Structures are given as structure tokens and as C-alpha cells.
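I'd like to go over a predicted model; first the sequence, then the structure.
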Amino acid sequence: MSTENVLLKFAPEMHKNYLLHILNGKMPSYGSSLDTNRAVLMYFAVGGLDILNSLDSITDTRKKSIIDWIYSLQVINEKDLTSGFQGSTNLNTIENRGKNTLYKWAHIANTYACLSSLLMLRDNLERVDRCAIINSLKALQLPNGSFKGAIDGVESDMRFVFCAAAISHILNDWSGIDVELMVDFILNSISYDGGIGQAPELESHCGSTFCAVAALALSENLDRLTRAQFDNLRRWLLFRFDGGFNGRPNKPVDTCYSFWSGGALKILDAYDFIQQENNHQYVLMTQDRRGGFAKWINCVPDPMHSYLGLAGLSLMDFGGLNEMFCELNITKRTNEFLEEVQKTWM
């Protein structure tokens, strides 16, 4: 798209500086509650820089230190089946360093975020204990086909179904999942209106719809949708566009759904139906003058909406951003690197 028609000026350099600020741990005080999920914040920062084609703004020394920090979060515990990656070093004390102790568990979302970040930083996953992670996935799947986030005390819903499918795809090993049971859970979560909820009988939501569609695509099961389900799903997603994307009917437009809704439409080959000359304008209106994107106009930017705003703009072929591989929520060039890494495992 020509930038001659842009009503609001896109500021990639400011966004790069904002993301580097986050990557260097300089979060405002309101972000203190996110400390246990620093791996996810890192994923948003590194992922945003990847979309901006600005990973070279991280020095090789700094990249190595980030990679080493990610590996410090790896838990290998075959006995309790809690292998994977933690969200931060909060529970890694002097006393339990190098040991498996109570609550020193991996979380499925952090495992996905860490694996994706390693790939973005061009690490070949050589130090990842792939077998231990796959074995631990088996302990997280529930009888209804969904997944819980960790071994105990956490939620279970469509978010973690996506994480399980993404981890299996990245590690090129689906033996840790009962795929048929997972697909049944997804199909049973399709609502009367055509969208998909977090679980059966729950309200359709674009976040859970993306997770479900991506999991079906990654496991090569999109064809399990009937023609009616496929058409209704695309129709429901297309109705989420109103100058920008919302996440549910009668809800306001929100920056993050430029990817959650848009990414699902891309996977379903229906994104072109909403192409308009100025469909990027809402996202740009949430751009902060110091960098980053916010959820809504005139709100404070945050790492998640900054990353997803950039991902959404990429889907619109706007601003010269790197193209997305929506199924994994990473760039296509990072997915190409993953494919090269996987060849070395054969």
C-alpha cells in the first residue's frame, strides 16, 4: 500500500525504541504484576522487533545473554512431568538452583513463548530437551481434549490448546497429544453463531477462535470443519470488522483483534473480503507518541497490544513490515528458519 494515502504517520523507529525499552526490563510500575510472565513480555518485544525487521538493533552479545536467560528458565523434570519453560526466575532460589522443587514447574504458554523467542533470535533449539517437553504435554491434556496451563492449580481452555499444538509443531513431534481428542474439543466449542468459545457452551470470542483455527491448521485438521461450519466461521469473523476489529459482537474495536480476528481470517483464506484502503487507520490511532500501541485510542500502550498491533498491520501489507506466519503467530522468515532447524532432526 502506498504511504501517500496514510492519514496518520506510522512511526516504526519509535516502536523499535519502545520494544527495546521493554526488552531491557524498563517496564512502568503498573507492569510489576507481570513479573512472573517475563518470558511472554520478552516474546512480545522480540517478536515486535522481528516484524519491524529490527532484530539487528540487538547486539550479538545481548542476543546471547537473552538466549542464555531463556535456557535458564528450562525445567527438566521427567518424574513429575513438569518439563518445559517457566515464565521467570521468581522461583529459582539459591537453595533450589539446579534442582527440581515444589512449584518449580513449566507453564505451557511460557514454553510456547520461549521456544518462539529462541527461534526469532536464531537459536537452533540445540539445548531444548524436546523429549521431556513432549512427555509433559501428555500430563496436561484433560479427558475432554483441552489442555491446562500447568500440572496443577491453573485454568484449562482454548488458549492452551493452541499452545500445545504450536509446541508440537515447533518440536515436530505430536506424540504428546491425543490429536483426535483435541479436535473433538475444538469442534464441540463451535457456538450457535458460528464463532468458537474458550470451551463448549461458552461465548464465541475472536481470541479463542484464532487459537482453535490455528490449532486445526497446525495439526492439518482444518478439513474437519463441515462446509457449513467453515462458511459460518468466516462470516462471523468478517462481521467483527467495523473500521477495525472487535473481539465479540457489540464490543468496541480493539487493537489486538487486528491480529486475532485478522489472523484467523488469513488462515481461513478470507482476509481479502475486508480489504479497504484505510483499514489500518484504527490501529494507527492507538499509536503512542513515544512508541507502542494501546488497546484503545487515548490509552497507555503496552507490550501485548504493541506486538499485536504490528502483527495486524503486517496482515494489511502496511509499512513494509515482515509477513506473518499466522498459524504460529511468528513471522514467515522465522518459520522458514524453524523449517531449516527441523531438517537437522531428521
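Arrived safely.

Next one, pLDDT for the closest residue to residue 107 other than its chain neighbours please.
Once flanking residues are discounted, residue 107 sits nearest to residue 150: 4.8 Å by Cβ to Cβ, 6 or more residues apart in numbering. C-beta coordinates here come from the backbone N, C-alpha and C atoms, glycine included. You'll see residue 150 listed with a pLDDT of 93.

where does the stretch 1-150 of the chain have low pLDDT?
Within the stretch 1-150 of the chain, the set of residues satisfying pLDDT under 70 comprises 1-7.

quick one: the helices in the stretch 201-346 of the chain?
206-218, 227-238, 257-267, 281-285, 303-315, 332-343 (DSSP state H, counting those that start in this stretch).

With respect to residue 293, which of the ones you listed lies nearest?
Among the helices of the stretch 201-346 of the chain, the nearest to residue 293 by Cβ to Cβ is helix 303-315 (3.4 Å).

Tell me what angle that closest one forms with helix 332-343.
The directions of helix 303-315 and helix 332-343 differ by 100 degrees, with axes from the mean of the first three to the mean of the last three Cα atoms, to 10 degrees as the criterion.

elements contacting helix 303-315?
helix 12-23, helix 38-51, helix 257-267, helix 281-285, strand 324-325 (3 or more Cβ pairs under 8 Å, 6 or more residues apart in numbering; DSSP states H and E).

and it with helix 257-267, angle?
Orientation check (the same axes, to 10 degrees): helix 303-315 against helix 257-267 gives 40 degrees.

For helix 303-315, output the C-alpha coordinates as PDB.
Taking C-alpha atoms only, helix 303-315 is exported to PDB below (Å, rounded to 0.1, in the frame of the first residue of the first chain):
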ATOM      1  CA  PRO A 303       3.700  -4.800  25.100                       C
ATOM      2  CA  MET A 304       0.900  -7.100  24.000                       C
ATOM      3  CA  HIS A 305      -1.000  -4.600  22.100                       C
ATOM      4  CA  SER A 306       2.200  -3.200  20.600                       C
ATOM      5  CA  TYR A 307       3.200  -6.600  19.300                       C
ATOM      6  CA  LEU A 308      -0.300  -7.500  18.000                       C
ATOM      7  CA  GLY A 309      -0.800  -4.000  16.500                       C
ATOM      8  CA  LEU A 310       2.300  -4.500  14.400                       C
ATOM      9  CA  ALA A 311       1.200  -8.100  13.500                       C
ATOM     10  CA  GLY A 312      -2.200  -6.700  12.500                       C
ATOM     11  CA  LEU A 313      -0.600  -4.000  10.300                       C
ATOM     12  CA  SER A 314       1.600  -6.700   8.700                       C
ATOM     13  CA  LEU A 315      -1.500  -8.600   7.700                       C
END
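
Give me the buried stretch members for that helix, please.
Residues of helix 303-315 classed as buried by neighbour count (16 or more other Cβ atoms under 10 Å): 303-315.

Ok, stretch 118-125 next?
For stretch 118-125, a neighbour-count test (16+ other Cβ under 10 Å) marks 118, 119, 120, 121, 123, 125 as buried.

Can you tell me, leaving aside adjacent residues, what's nearest to the residue of the chain positioned farthest from its centre?
Taking Cα atoms, centre = their mean, the residue of the chain most remote from its mean C-alpha position is residue 95, at 33.2 Å. Nearest in space to residue 95, with sequence neighbours left out and distances taken as Cβ to Cβ, 6+ apart, is residue 101 at 8.0 Å.

and that neighbour, what element?
Under the assignment given by DSSP states H and E, residue 101 is not contained in any helix or strand.

where do the strands sit along the stretch 51-200 of the chain?
74-75, 84-85, 147-148, 156-157 (DSSP state E, counting those that start in this stretch).

Run through who's touching the third one.
Yep, that's strand 147-148 we're talking about. Under the criterion Cβ atoms under 8 Å, 6 or more residues apart in numbering, residues 108, 137, 140-142, 154-156, 160-161, 163-164, 182 lie in contact with strand 147-148.
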